[in-house]
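Novice: Sharing a sequence plus its predicted fold:
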Amino acid sequence: MKLSTILIAALGFLSLPAPAPAQEDPKHVADEIVHHIRDLQHEDGTYGSGLADTCRVLDLLGRSPRRYTELDGPFFRRAAQQVADGKDGEVPDALLALGLAATITPPLQAKRDAALARLRTQAPGTDYDHWLALRTFPGDATVAPVALDPEADAGLACLAAEDPASVPAPAVTEVAAWTHWARAARLRHITPEAHPPLPAVNAAAGLPELMSTLETCIQMHGLFTPAVFRVDDDDTGSNAAPVPGIVPPGRAPAVALADARTFFDRHQRKGTFSLEIEGWDDPEPGVTALCLSAVAALADATQQPRPEWFAQGLDFLVSRQRSDGSIQEQGLAVYTTSVAVEALIAGGREQDKDAIEHARRFLVAGQFDESKGFELGKDAYYGGVGYGDGERPDLSNSQMAIEAASRAGTPANDPFFVKARSFLEQCQNLSEGEPKSWPRPDGGKLVAGTDGGGTYLPGAGAAGEVRLADGIYQARSYGSMTYALAKSYILCGVPADDGRLSAAIRWLADHFTVENNPGFERPEDGKQGLYYYYLSLGRTLRRLPPEGFRNAKGEPIAWREALTRKLLDSQRTDGSWINEGSVRWFEGAPTLCTAYAVLALVDAGA
């Protein structure tokens, strides 16, 4: 399979940002804007000058790439409650309906639906918000088209026209007009053929400018497709470098490790590494950190010195540390900082201790807790860690932050670990008595299962969900997140005989495999994130006591042998590894996959 014919899919478990601004995803820019907007929330939960501005912010948050709802925390929940508690008529019904459009709990939805019912009895005329609400919630009623003056606003005309395709799109150079039209066009099932340049974010901007910029990013989301994300059906791969073949089976670990060391030597540039995908060739701190950690592990395993260029890579990481302590190029701060901390610790240089401590404090401060308005028992994401700019916490980011904080010397009894346990529990399919449950964004209810496995988010994950009954669904437990769950429980001080940890280990033993990431409905989907899965497997199981990983019959599972053999027989002739089963989450990048594979091999004792 040629790399040039494979779709490099959207960001995920340990995805990394494009090094050049021209390649940046609108989702990342939207994340940054949302972070700044959240900082402008008033103490009472509102935004701007009152409920009207609050409705507009909620409307944007609900349509942003991450589709925020009240489950995501007080920045949405408290704002929505303020809107719902307002008196009828305090804000226009159209704005009220749009502001509460993304809500998923019945009381808030009831307030929204009452506004819509009133709205549907009124003629929309030339009110843009009214038309937006009617097109967003078409219901059973037919909305009569309105003929507007040819010079009318293109967005309004697109919403109101009988034939929306007859309304020409504004020039992409007219960003405000294009954005206004694009929202209407997408509601009328028209996909814009072109889009403006990705907007720059002015961190010092006021709420109106931030909202305008966020709206543009929302309308660009899904349209912004750099060449690296595109696949042509007739692409023969003639311009792509051939993928090295797989080595003969049965090779010794020492040979594989030596070849991997040679691969890193040949692909480093002054100690730095890139993804080495077309258009993504600049040094990237996350990839560099993982490769440096792998090189350090190789050196220790083979009792060889670090290569001469190793120190240059450490210098590069330190040079990318920001004033807040994060180590990043442009986004995914928690992932990148976490792996950078590991690399700097592996480097063992006295001069890097201050940088490590600064980064550790950044990771600990990123936890969603009382300092950010989250409440234990009320907010499902309490105790978790997200991407780093205030985005929704998830188990993948959390496990990376927990591991880095632990390696960097955070005391075992630190509140960071205590609070993290609460989030880990929310990401586990384990309920006693009344099961944990959450409103489901697409309707119905999500409930926690009883198998003990892990999910990416409370009630949700990449492996999908199972319909248990009418309106009741359960997220599937799957391998990589269950390993993340078990390892994080261990690092957070949960004892081996604790029911939460033992249930997770039992799920892993029942589903142990090195052929795919288990838990997906279709085994072929388990090729996604396979090398990240190997890394998580090795890092978790090496922390168990000897013979502490047994199947249902009580027999020890030879995980070290299975993982080692699988990786040794998957290596390429140039010393690299590539996930050809699925390159989602950048596992088509040889540098990234090779770092994962080497770290997993060393954890397995190769």
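Specialist: Perfect, thanks for sending it. Fair warning: this is a prediction, and the values are worked out from it, not measured in the lab.

Novice: Map the structural domains onto the sequence of the protein.
Specialist: 26-223, 253-371+390-410+477-603 (automatic domain parsing).

Novice: Can you add mean neighbour count and distance to G464 and give the ones you listed back as TSV?
Specialist: No exception for glycine: its C-beta is placed from N, CA and C like everyone else's. Shown next, in TSV, are the domains of the chain (neighbours: other CB atoms under 10 Å; distance: least, CB to CB, whole Å):
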stretch	mean neighbour count	distance to G464
domain 26-223	18	17
domain 253-371+390-410+477-603	21	6
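
Novice: tell me, which helix in the chain spans the most residues?
Specialist: Across the chain, the longest stretch assigned as helix under DSSP state H is helix 285-302.

Novice: I'd like the next helix or strand past the helix or strand containing D354.
Specialist: D354 is part of helix 353-365 when elements are defined by DSSP states H and E. Once helix 353-365 ends, the next helix or strand along the chain (criterion: DSSP H and E) is helix 395-407.

Novice: Direction-wise, compare that following helix with helix 353-365 and give the angle.
Specialist: 140 degrees (axes from the mean of the first three to the mean of the last three CA atoms, to 10 degrees).

Novice: how far out from the middle of the chain is the longest helix of the chain?
Specialist: 24 Å (CA atoms, centre = their mean, to the nearest Å).

Novice: Show the subsequent helix or strand relative to that helix.
Specialist: According to DSSP H and E, the helix or strand after helix 285-302 is helix 310-319.

Novice: Rebuild the domains of the chain as a markdown table, extending it with distance to A420.
Specialist: Shown next, in a markdown table, are these (distance: least, CB to CB, whole Å):
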| stretch | distance to A420 |
| --- | --- |
| domain 26-223 | 16 |
| domain 253-371+390-410+477-603 | 5 |
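
Novice: Can you flag the weakest of these by average pLDDT?
Specialist: Looking at those, the lowest mean pLDDT belongs to domain 26-223 (a mean of 91).

Novice: Can you get me the start-to-end distance on it?
Specialist: End-to-end span of domain 26-223 (CA to CA, to the nearest Å): 9 Å.

Novice: For this structure, which segments count as strands?
Specialist: All strands of the chain, identified by DSSP state E, fall at 437-439, 445-447, 465-469, 472-475.

Novice: Tabulate those in TSV, adding columns for mean neighbour count, distance to D31 and mean pLDDT.
Specialist: TSV is the format used below for these (neighbours: other CB atoms under 10 Å; distance: least, CB to CB, whole Å; pLDDT from 0 to 100):
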stretch	mean neighbour count	distance to D31	mean pLDDT
strand 437-439	18	22	90
strand 445-447	21	24	92
strand 465-469	12	25	92
strand 472-475	21	23	94
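
Novice: who wins for proximity to A114 among these?
Specialist: Of all those, the one in closest proximity to A114, counting by CB to CB, is strand 437-439 (18.6 Å).

Novice: and that closest one, which strands flank it?
Specialist: Sheet pairing of strand 437-439 (DSSP bridges) gives strand 445-447 (antiparallel).

Novice: Give me the residues contacting the partner strand.
Specialist: By CB atoms under 8 Å, 6 or more residues apart in numbering, the surrounding residues in contact with strand 445-447 are 431, 435-440, 459-460, 465, 468, 471-475.

Novice: Let's see that with 7 Å instead.
Specialist: For strand 445-447, the surrounding residues in contact (CB atoms under 7 Å, 6 or more residues apart in numbering) are P435, K436, S437, W438, P439, R440, G459, G471, I472, Y473, Q474, A475.

Novice: which one among the residues you listed gets closest to G384?
Specialist: Nearest to G384 among the contacts of strand 445-447 is G459, at 13.2 Å by CB to CB.

Novice: could you measure the closest one against V172, distance?
Specialist: Noted for G459: a distance of 39 Å to V172, by CB to CB, to the nearest Å.

Novice: dump the residue contacts of the nearest residue to E329 once chain neighbours are set aside.
Specialist: Counting by CB to CB, 6 or more residues apart in numbering, E329 lies nearest to P285, which is 5.5 Å off, once chain neighbours are set aside. Going by CB under 7 Å, 6+ apart, P285 touches L317, R320, I327, Q328, E329, T336, A340.

Novice: State the number of residues packed around the closest residue to C492 other than its chain neighbours.
Specialist: Of all residues not flanking C492 in the chain, F417 sits nearest, at 4.2 Å (CB to CB, 6+ apart). F417 has 22 neighbours, counted by other CB atoms under 10 Å.

Novice: Need the contact partners of stretch 379-391.
Specialist: With CB under 7 Å, 6+ apart as the test, stretch 379-391 has contacts from 31-32, 34-35, 38, 66, 71-73, 326, 332-334, 366-369, 374-376, 392-394, 397-398, 401, 419-423, 426, 438, 458.

Novice: run the last query once more with 6 Å
Specialist: Stretch 379-391 has contacts (CB atoms under 6 Å, 6 or more residues apart in numbering) with 31-32, 35, 38, 71, 73, 332-334, 366-368, 374, 376, 392-393, 397-398, 401, 419-420, 422-423, 426, 458.

Novice: The longest helix of the chain versus helix 310-319: what angle between them?
Specialist: Angle, helix 285-302 to helix 310-319, by the same axes, to 10 degrees: 150 degrees.

Novice: Could I have the CA atoms of helix 285-302 written out in PDB?
Specialist: Below are the C-alpha coordinates for helix 285-302, written out as PDB (Å, rounded to 0.1, in the frame of the first residue of the first chain):
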ATOM      1  CA  PRO A 285       8.700  18.900  19.200                       C
ATOM      2  CA  GLY A 286       6.300  16.100  19.900                       C
ATOM      3  CA  VAL A 287       7.800  13.800  17.300                       C
ATOM      4  CA  THR A 288      11.300  14.900  18.400                       C
ATOM      5  CA  ALA A 289      10.600  14.100  22.000                       C
ATOM      6  CA  LEU A 290       9.200  10.600  21.300                       C
ATOM      7  CA  CYS A 291      12.200   9.800  19.100                       C
ATOM      8  CA  LEU A 292      14.700  11.100  21.600                       C
ATOM      9  CA  SER A 293      13.000   9.000  24.300                       C
ATOM     10  CA  ALA A 294      13.200   5.900  22.000                       C
ATOM     11  CA  VAL A 295      16.900   6.600  21.300                       C
ATOM     12  CA  ALA A 296      17.600   7.000  25.000                       C
ATOM     13  CA  ALA A 297      15.800   3.700  25.700                       C
ATOM     14  CA  LEU A 298      17.800   2.000  22.900                       C
ATOM     15  CA  ALA A 299      21.100   3.300  24.300                       C
ATOM     16  CA  ASP A 300      20.200   2.000  27.800                       C
ATOM     17  CA  ALA A 301      19.000  -1.300  26.600                       C
ATOM     18  CA  THR A 302      22.100  -1.900  24.500                       C
END
